[in-house]
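1. Predicted structure and sequence below. I'll ask about it afterward.
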Amino acid sequence: MRHLSTLMSVLVMLCSLFALPQSHAISTESNKEQLAPFFKSAKYKHFSISPSGNRVAYIAPKANTYDLIIYDVATGKTNDPITFTRRQTDVGTENGITSWEVHFNRIYDLLWLSDDFISLQQHSNGRFHRYVLVELGPTGSDGSLPYRLSYVSQHGYWADTLPHDRNHAVFAKYEQHDDYVFYTDLFKIDLREKVKDSTFRKKYRLNKSGPKLHDWIFDNNGWRVAGTRTVDRSTELYARTGSSPRKYRYKSVWTGDRDDSVKVVGFDAASNALLVLTNHKSDKVNLRRFDIESQRFTDMVFEHPSYDLRSAIYEPETKNIIGVSFLEKGITKQHYFSEDYSRFVERLSAQTGTNGINAIAMDANSRNILFFADDSANPGEVFIYHRERDAFNSITSLYPWLADKGLRKTQTISVSLDSGQTLEAFLTLPDVKNPPLVVIPHGGPIGISDSRHYSSNIQVLVNAGFATLQVNYRGSQGYGKAFMRQGMQQWGRLIEDDIEAALQHTVKNFSVDQDNVCIIGGSYGGYSALYSIIRSPELYNCAASFAGVTDLALQFQRSDVKDDATMTLLTEIIGDPVSQQALLFEYSPLYQHEQITKPVFLAHGTDDVIVDIEHAYRLHFALQSKGIEHEWKVMDDVGHGFDYTSDAADYYFDLIQFLNKHLRNDATNSIEPSKTAE
Amino acid sequence: MKYLRFFVLIFSSHLFCIVSHAALPPLDEGEGYVIIAAYADGYAESIVLEGEGMFNTHTFGPLNHAQLIEIKKLPAGRYQWTEISEENGSLAKGNKLKIEYNVSDDNLSFTVKPGVINYTGLLMIEKLGSRMRVRQLNRTSIILKILEQDHGEDIQGMTIVNGLYPNDHYIEFYQAMAAEKGKQ
């Protein structure tokens, strides 16, 4: 049937070509090509520096292959890339039956295990997991770089690189305890030997006795210090007792409250204390010391008054925690505990004029440090800092093709709410006077947040002459537990109150065209767009939804999500589909579709497994039945987001036409800013 | 996945669909009509549905990158999709091989009520190399639309219930919309 379908598509396409004036067809394709660069993924990814600081490794992803590139720090030159094909056949045997599956891999992580070994984490849509080990030889006199490949075909992660042992590392292999409960088994891998399935025999486990845990932390000698496991949304902390390796035992020392965020990030051997990122008994995630002996949290190491901490920064060799990171006013910020590192950040920020400066990797002695510089108007550049020379050198820019696109800086807006709370929103203005405004609520809605880092969907709209407003409404991540919980079961209610408050603040305080405002978004953002024109049609001229939820109850009806934990979580986020059914109907765009009086653009991918395309079809048929005009776009082979540049350009091309039509009364297919708005 | 493109084609043409057009046979006591909808992204030779009681096993297929929509009368009760299989080679050459995918543990089930039309979801079969992923999707609006086009007269006035998700009120909503449109 596929060939018939293809034939029909070709016929339809041919008919369209004949029906349209030639100039229109060329212009449309040309305009889509103009949009495509915004959506191309970074030219290089996954930068990391070797423990000795001599080499930097990174990945150049391509359509059917990816290259591993080694940059020589001393000479500033790169080697001939090592090329891998992305198409991979996975053959496995279970219960004596051999099966196979073809995957199209991506690289998700690059890690130097030692100066001689690089690990590349490959996986494919969650169904295939493998690590490629690249053993590097010394660079030849002709500049060639010999290498040898081996593979770890297991689902897990590198738990510790054992910085003092260049030929071994500890691998944590995921195991399933019972339904939906996982733990890890630990194996010390000899990187020089071929890694086989037999390497992971139970008898070789490092954790033969003791608790079954998810995460472990190791001391400088490579011995396990502590670990955690989370069961029924409560995290239990285990720590080591005993004075020598032979006497080491692991016992439960503390259990958090339900939904506490708990991550052990460091160990202070001198005081026998763990360093933990947690929001236990506090609103924000902070960094605290946990005394193993007394089994309780002692002093606070660092807490931000407004933001959750996201991660801890440590020196690779000593494993000492030297700072923390958090999202401040939409930009990832690293706060260091010593002046030394803070000074680097300030210097590079001044040198590049970029807001976001973050150390992404450093060598064992922190003599060479990789920094990533980016913000909304600078999609990313990687620098290396040489301590001896006290200088920064640029290694590469990640999106060189965007240099002439006139990317615009995003500014932070603080919006005061009637409740006394303040929320952050981000406004990006085009180089046009009094531009029409596009409000873009983020997806989720819980535990997600928008930022001021480079965003293709913001810059493509700004480039087309629209101002954009993003709102970190209640429910967003990063502002503390209470702020996030306030967004629970607030679909169409408090969340949209926040979005409207941000909109009112923006039109009052900034030069945007308050009579021409549209609301658009994907996933929850699509829902929010649709519901916003139902509840407040006076505020918006139009709405566009990509992959939006239209029927809240339908989110509970999936054969692949039957476990109680997921259903409980969905209930907490959306509402109870049984006891709160009437509310779910009241706040579903589908069941309130008769109140839609503004133009709507509905788009959905056929391969969306998060929000099924049934959502879009239900609303489409309902609007059709009522004779409510709307634009409708089914995107074949597209999931909950865009994997391919051409799909993103295709959608945004149609979206910009829709916005031009309803915000500028412009029915042409131009993607340029309207001159009349200037 | 091409099945939705296929659905869209069905709306505009009756050339490509594997849909039963025959008038519905009368129901016996204790029987209900069942909408069987399946799509195979790949080859599925035989798709087995098992119901309660003796001699209540039904086989559908083969489907090769194709969709099946069929209205069948079945005894009331609970049903489960249990197996998908295919055969390779030939007996004459001595290399005949039957590959069975047991999907009993996936709990892909629905219920059939007597005297009504039972919507039972879309069985989505995705072939991944020699492996298979099978899901039961709630595609009520699309399947009802096809049913309306192909069996409009047969099903007029009949009650349609959701045998997959009884709490889904979309069918009532859809029928109310259709009735209102009919009045206009």
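-> Now that the structure is in, tell me what you want to look at. For clarity, every value in this text was computed on a predicted model and none was experimentally measured.

2. The longest helix along chain B: what's the following helix or strand?
-> In chain B, taking DSSP state H as the definition, the longest helix is helix B:140-155. For helix B:140-155, the following helix or strand on the C-terminal side (DSSP states H and E) is strand B:160-162.

3. per-residue confidence averaged over that following strand?
-> Averaged over strand B:160-162, pLDDT sits at 93.

4. anything in it near chain A?
-> No. With Cβ under 8 Å from any Cβ of the partner chain as the criterion, chain A is not reached by strand B:160-162; the gap is at least 9.3 Å. Placement of C-beta: from N, CA and C, glycine included.

5. Give the pairing partners of that strand; include direction for each.
-> strand B:117-128 (parallel) (DSSP bridges).

6. any chance you could map the strands in chain B?
-> Along chain B, counting by DSSP state E, strands occupy B:18-19, B:31-44, B:46-51, B:57-60, B:63-75, B:77-88, B:97-102, B:109-112, B:117-128, B:131-137, B:160-162.

7. Lowest mean pLDDT across those, which one is that?
-> Among those, strand B:18-19 scores lowest, at a mean of 45.

8. Show me where the stretch 51-200 of chain A dips below the pLDDT cut-off.
-> A:95, A:125-126, A:177-181 (pLDDT under 70).

9. Relative to chain B, which residue of it is the closest?
-> residue A:101 (3.5 Å; Cβ to the nearest Cβ).

10. Residue A:607 is in contact with residue A:643, isn't it?
-> No. The pair residue A:607 / residue A:643 is not scored as a contact, 9.4 Å apart, by Cβ atoms under 8 Å.

11. just to revisit the earlier point, strand B:117-128 and the longest helix of chain B, what's the angle between them?
-> 130 degrees (axes from the mean of the first three to the mean of the last three Cα atoms, to 10 degrees).

12. relative to strand B:63-75, how tilted is helix B:140-155?
-> Going by the same axes, to 10 degrees, helix B:140-155 makes 50 degrees with strand B:63-75.

13. one step back: for residue A:593, find the nearest of the strands of chain B.
-> Nearest of the strands of chain B to residue A:593, taken as Cβ to Cβ: strand B:160-162 at 20.1 Å.

14. Residues in contact with the closest one: which ones?
-> B:113, B:116, B:117, B:118, B:119, B:140, B:144, B:168, B:170, B:171, B:175 (Cβ atoms under 8 Å, 6 or more residues apart in numbering or on different chains).

15. one step back: may I see the strands of chain B organised as TSV, with mean neighbour count and distance to residue A:270 added?
-> Output for the strands of chain B, formatted as TSV (neighbours: other Cβ atoms under 10 Å in any protein chain shown; distance: least, Cβ to Cβ, whole Å):
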stretch	mean neighbour count	distance to residue A:270
strand B:18-19	16	73
strand B:31-44	22	59
strand B:46-51	20	65
strand B:57-60	14	69
strand B:63-75	19	65
strand B:77-88	18	61
strand B:97-102	13	57
strand B:109-112	21	60
strand B:117-128	22	52
strand B:131-137	19	52
strand B:160-162	19	64
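
16. Let's have those in JSON lines, adding distance to residue A:591.
-> Formatted as JSON lines, the strands of chain B follow (distance: least, Cβ to Cβ, whole Å):
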{"stretch": "strand B:18-19", "distance to residue A:591": "29"}
{"stretch": "strand B:31-44", "distance to residue A:591": "23"}
{"stretch": "strand B:46-51", "distance to residue A:591": "32"}
{"stretch": "strand B:57-60", "distance to residue A:591": "34"}
{"stretch": "strand B:63-75", "distance to residue A:591": "26"}
{"stretch": "strand B:77-88", "distance to residue A:591": "30"}
{"stretch": "strand B:97-102", "distance to residue A:591": "38"}
{"stretch": "strand B:109-112", "distance to residue A:591": "24"}
{"stretch": "strand B:117-128", "distance to residue A:591": "19"}
{"stretch": "strand B:131-137", "distance to residue A:591": "21"}
{"stretch": "strand B:160-162", "distance to residue A:591": "16"}
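
17. Might you report the residue contacts of residue A:501?
-> A:415, A:417, A:418, A:423 are the contacts of residue A:501 under Cβ under 8 Å, 6+ apart.

18. no, scratch that, I was asking about residue B:155
-> B:24, B:117, B:147, B:148.

19. how much space between it and chain A?
-> Applying Cβ to the nearest Cβ, to the nearest Å, the value for residue B:155 to chain A is 17 Å.

20. List buried residues within the contacts of strand B:160-162.
-> B:113, B:116, B:117, B:118, B:119, B:140, B:144, B:168, B:170, B:171 (16 or more other Cβ atoms under 10 Å in any protein chain shown).

21. Pretty sure the last one sits against residue B:141.
-> No. Distance between residue B:171 and residue B:141: 9.5 Å, which falls outside the contact criterion (Cβ under 8 Å).
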